[in-house]
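1. Starting from these lines, generate the structure:
(2 chains)
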Amino acid sequence: MAEAKMNKTDALRYFWGKAHPENQMQASDSSTLMHPLIAHVLDVAAVAILLPGSDRLGLDNRQLGMLIALHDIGKLMPSFQKKVPACWPKQGLGSYSENYIESRHDADGFLLLSYFCAEALDSLFKNSDDAQLDWLESEKDQLWRAVAGHHGKPAACDWDKRKQDPSFKFIAPYAQQFIQILLKVFNPPALPLFHSPDCLRRLEWQLAGLTNQADWIGSQKTWFPYVTPDAVMDATAYFWNHALPHAQKAILQAGLGPVEVASFQGIERLFSHIQKPSPVQDVMQSVALPDGPALVIIEDMTGSGKTEAALVTAHRLMASGRASGLFVALPTMATAHAMYDRLVEAYRNLFLPSSRPSLALAHSRALLDERFVSVLAPDDALDVTFIPDDRASAAEICCSAWLGRDSRRALLAQVGVGTIDQALMAVLPVKFATMRQAGLAGKVLLVDECHAYDSYMQEEMAALLRFHAAMGGSAILLSATLTGAVRQKLTTAFQDGLRIQETATLSSAAYPLVTLVGAENVLELPCNARDELKRTVAVHLISDEASVVHIIKDAAAKNAAVAWVRNSVDDVIASAQALTTDSIKPIVFHARFAMIDRLAIEREVLRRFGAKSSEADRAAVLIASPVLQESLDIDFDVLCTDIAPMDLVIQRAGRLQRHKRNKRPIESEELYILSPVTEKNVDKNWISHFLPKTAGVYRNAALLWRTADVLKHEKEIKSPENIRYLIEQAADLSDVPEALMGDRNSAEGRGRAEKGLAMQNVLNYEAGYAPDVALWESDIRTPTRLEDEPHVTVRLAIIEGQTVRPWAAFIDSSLETQHQQKRAWALSEVSVRRKQLAHCLIPPEAKEAASRARSVWSWWEREAEDQFLLLLLTPNESGWQGSGRNGKGQDVVIQYDQLYGLQIFPAISG
DNA sequence: AAGAAAAAAAAA
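-> Coordinates of the predicted model:
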């Protein structure tokens, strides 16, 4: 029996917007199997209107609500409605049919808005009868693609072909009626014509981000329980009485409720441990900041208190209304953790005590961090009415589970700390980049250690700064030293984003230095160094390994703390073995250990050589790979290093007699650099004959030669006086030996290629949120970092009978529990070049146990079988061993022990 | 001919 068809307005409430997948349905209560489309779009519109920060778009709430509510109009199409047959709106579409062409509702939505319903939307753009004041079609399309592209990338399809689908003719009247209903709910005044294309472009990106964000919140079923079609009989009533109150609560539970920035009242109020501000902190407290969006670059020595100076700057920018929050980007997960720990103490002081801002940790492994997980409030358990009244609870950290459980959402937290990669993905055509943009918008972007990047990442950084400035954001960059070229590049990028025609030229060579960049002017402000940090290190170039060994043995005999930074892991292990005697037992430190062992070594190294180490503990020899130049706060009486590029040599030298100590076995500050002799007539194997593995790691021999040669003449590293000079001199490769020019040129070529690749990959702000102007989620994910060579992640495991245990659980039995499984596996990882190890052998009798072990890994870890290798270890006389094949398919033996780490040898055949 | 360290990974 044919159902009597309803009129369109009545029928519309039966179209669904959200529904359970068929198999999870419970037939008992058919009325709430689905959430009506009208209800869903009003929910999302309500969220958008109430989200703090949505006022930055500069739209009237009625206009904003209208635009956002249109985001899912494509779901009216039968090709969407048929997806859940039980929810098919027969009241409008007649009896169910499967015969509709497959399509995407985001692309269909765009077509409805831009083409089939243009007239119905006229009133939204009609300012007067003067056609001069009308919006252009292309301008309207910018808005439509922003709201339609809410599935992580711009909606796309073969538009001309898709238009031919007869369903459009059939659905258009419904869509027009749908629009009428929304117009009645919101009653939006006409959108003013934008006086500049820049403003419209910004609105396009902002609207795309906000739609996305509001859709994610508005799609949470726990916050927006399904309602019956009857509930939206009166759409206006639903919006006011249902959508808005639910949205308000949802926003609070998402941890995105309104917060108020405290006024800036001096660095001591922000950090209780600071009694006397350092010079750079003094400057950043008092200097006049440029008007409008600002870029601040702080170059100063490690230990100068840059981070606090930067947070002071961020607070001042926030307090002056230029930002509502902060994201701190760091080069590694480890440094992100350290920064998180520092912010835990201070971040609440940025806001009024009555505000409850979230502090989120944003990187791929944040959920393996016990401390972060422990502060995550369970969804819905957050008491939204709770306002702490005593200081103790006001000081407590918080982060909603909704924000904390996904790295893209984590960027939305008022204060975020994470890897730089999380921010960079905002300017790459990866899925939900607009979410990340929304997270960064209106925040101060604080990038720490921003010298630590290659050409590819530098170009991404420039793109990020350009984008951030164009969106009206401010940024702070921290570094020990940047070359003039890099500082100029980043400054120009920021000014580009501000639409400055004639960007500033930087000139200062002072150090330490604060660079203040605004739209109007640029100021380079020399700054004093902290007295305690001023120092002179004597540099000795040594051209034979035996002498280094001799120096180390000599120092060890005097009970000094001595370290040798070697460039390759194999060299580290070989030298450690060669140095081992009855009295010397070197500590070996590199990254080819299972993470749990590496962390244990790190703790041991900190204990022995850290600020609080005792004289007895310090009498030790450490042989380390370049991991040592990373952020560990340790110091040595004597330091040796293989030759490396200048900035790294300086960084390594920072580990020499860094702390004040009453008495040292060796008082003079001397750095010994193992390097071949620098002469003009060297041959092209200058470095590879002398330190073959170093030649593989630092592939620009000219740069190494130049570094050694500059240091040979300069003879000392003097902070702060000659730091800038050393860096700039070493970077100048115009006059290197003839034989090394080939190397220099190919390194330059690689750099240029990387830069080109990055330029090709990053989003073009100007081109807008459009499908064809970037490789949006093409076949290969656009990476935040280039990998020069493919690596595999090896997960170490112990096999005993039929049980496979992660190595970490074997080392630390507290990791044996069910809920620690993921952490245990992550702590058992080592990264190895695929060339060395491509496949691990699993004996047939262990196959079953091995696949049982793998089954608890996440879907991509299981999926990428050649990327995540399970290595089964069995004990042998010197530790543990397993077997596998290298990249060429040859059999190899893998040796593992806690002293030297992972080593791979060719298998002895026969 | 040699090879550090570092990040990311679904959906609305």
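2. What segments of the stretch 401-550 of chain A are helices?
-> Per DSSP state H, counting those that start in this stretch, the stretch 401-550 of chain A has helices spanning A:401-404, A:407-410, A:420-424, A:433-440, A:455-470, A:484-497, A:545-557. These are given in chain order.
3. Would you confirm that A:M284 contacts A:I298?
-> Yes. With contact defined as C-beta atoms under 8 Å, A:M284 reaches A:I298; the gap is 7.3 Å. The way it works is simple: take the backbone N, C-alpha and C, and place the C-beta from them, glycine included.
4. Double-check A:V588 against A:Y900; I have them as touching.
-> Yes. Counting by C-beta under 8 Å, A:V588 does reach A:Y900; the two are 5.6 Å apart.
5. which neighbours do the two share?
-> A:573, A:576 (C-beta atoms under 8 Å, 6 or more residues apart in numbering).
6. re the thing from before, adding mean pLDDT and mean neighbour count, write the helices of the stretch 401-550 of chain A out as a markdown table.
-> As requested, the helices of the stretch 401-550 of chain A are exported to a markdown table (pLDDT from 0 to 100; neighbours: other C-beta atoms under 10 Å):
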| stretch | mean pLDDT | mean neighbour count |
| --- | --- | --- |
| helix A:401-404 | 93 | 24 |
| helix A:407-410 | 95 | 25 |
| helix A:420-424 | 96 | 26 |
| helix A:433-440 | 96 | 27 |
| helix A:455-470 | 96 | 24 |
| helix A:484-497 | 96 | 21 |
| helix A:545-557 | 97 | 16 |
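7. CSV for those helices, including distance to A:R592?
-> Listed next are those as CSV, based on distance: least, C-beta to C-beta, whole Å:
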stretch, distance to A:R592
helix A:401-404, 32
helix A:407-410, 27
helix A:420-424, 23
helix A:433-440, 33
helix A:455-470, 24
helix A:484-497, 31
helix A:545-557, 22
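8. To A:I171, which of those helices lies closest?
-> Between A:I171 and the helices of the stretch 401-550 of chain A, the tightest spacing by C-beta to C-beta is seen for helix A:433-440, at 26.9 Å.
9. what angle separates the closest one from helix A:455-470?
-> Between helix A:433-440 and helix A:455-470, the angle formed by their directions is 60 degrees, by axes from the mean of the first three to the mean of the last three C-alpha atoms, to 10 degrees.
10. which strands and helices sit next to helix A:433-440?
-> Contacts defined by 3 or more C-beta pairs under 8 Å, 6 or more residues apart in numbering; DSSP states H and E place helix A:433-440 against helix A:197-218, helix A:407-410, helix A:420-424.
11. distance of the residue most central in space within chain A from A:V259?
-> With distances taken as C-alpha atoms, centre = their mean, the residue of chain A nearest its centroid is A:Q422 (1.8 Å). Relative to A:V259, A:Q422 is positioned 21 Å away (criterion: C-beta to C-beta, to the nearest Å).
12. Select, out of the helices of the stretch 401-550 of chain A, the one closest to DNA strand B.
-> helix A:420-424 (3.9 Å; C-beta to the nearest atom of the strand).
13. which residues touch the closest one?
-> Counting by C-beta under 8 Å, 6+ apart, A:327, A:329-331, A:362-363, A:407, A:410-411, A:436, A:440, A:445, A:447, A:453, A:457, A:460-461, A:464, A:784-785 sit against helix A:420-424.
14. So which residues of the stretch 501-650 of chain A form strands?
-> A:513-517, A:522-526, A:535-542, A:562-565, A:587-589, A:621-624, A:638-642 (DSSP state E, counting those that start in this stretch).
15. Make a markdown table out of those strands and add distance to A:P737, mean pLDDT and mean neighbour count.
-> Converted to a markdown table, these look like this (distance: least, C-beta to C-beta, whole Å; pLDDT from 0 to 100; neighbours: other C-beta atoms under 10 Å):
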| stretch | distance to A:P737 | mean pLDDT | mean neighbour count |
| --- | --- | --- | --- |
| strand A:513-517 | 33 | 98 | 23 |
| strand A:522-526 | 35 | 97 | 16 |
| strand A:535-542 | 16 | 97 | 16 |
| strand A:562-565 | 25 | 97 | 28 |
| strand A:587-589 | 34 | 97 | 21 |
| strand A:621-624 | 30 | 97 | 26 |
| strand A:638-642 | 20 | 97 | 26 |
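16. Make TSV out of those strands and add distance to DNA strand B.
-> Formatted as TSV, the strands of the stretch 501-650 of chain A follow (distance: least, C-beta to the nearest atom of the strand, whole Å):
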stretch	distance to DNA strand B
strand A:513-517	25
strand A:522-526	30
strand A:535-542	21
strand A:562-565	10
strand A:587-589	8
strand A:621-624	8
strand A:638-642	10
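17. and these as a markdown table, adding distance to A:S196?
-> Output for the strands of the stretch 501-650 of chain A, formatted as a markdown table (distance: least, C-beta to C-beta, whole Å):
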| stretch | distance to A:S196 |
| --- | --- |
| strand A:513-517 | 22 |
| strand A:522-526 | 24 |
| strand A:535-542 | 52 |
| strand A:562-565 | 54 |
| strand A:587-589 | 56 |
| strand A:621-624 | 55 |
| strand A:638-642 | 54 |
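18. Pull the number of nearby residues for the residue of chain A found nearest DNA strand B.
-> In chain A, the residue that lies nearest DNA strand B is A:G696 (2.6 Å; C-beta to the nearest atom of the strand). Neighbour count of A:G696, defined by other C-beta atoms under 10 Å: 12.
19. so what does the helix or strand that contains A:T313 touch, helix or strand wise?
-> Under the criterion of DSSP states H and E, A:T313 resides in helix A:306-319. Secondary-structure packing of helix A:306-319 (3+ C-beta pairs under 8 Å, 6+ apart): helix A:267-270, helix A:279-286, strand A:295-299, strand A:325-330, helix A:333-346, strand A:443-447, strand A:474-479.
20. so what secondary structure elements neighbour the longest one?
-> Same thing as helix A:333-346. helix A:306-319, strand A:325-330, strand A:359-362, helix A:370-375, strand A:415-419.
21. Select from the ones you listed the stretch with the lowest mean pLDDT.
-> Among those, helix A:370-375 carries the lowest mean pLDDT, a mean of 87.
22. Which is the succeeding secondary structure element to the lowest-mean-pLDDT helix or strand in chain A?
-> Every helix and strand in chain A was compared by mean pLDDT, DSSP states H and E; the lowest is helix A:391-394, with a mean of 42. Later in the chain than helix A:391-394, the nearest helix or strand by DSSP H and E is strand A:399-400.
23. Nothing else from me, thank you.
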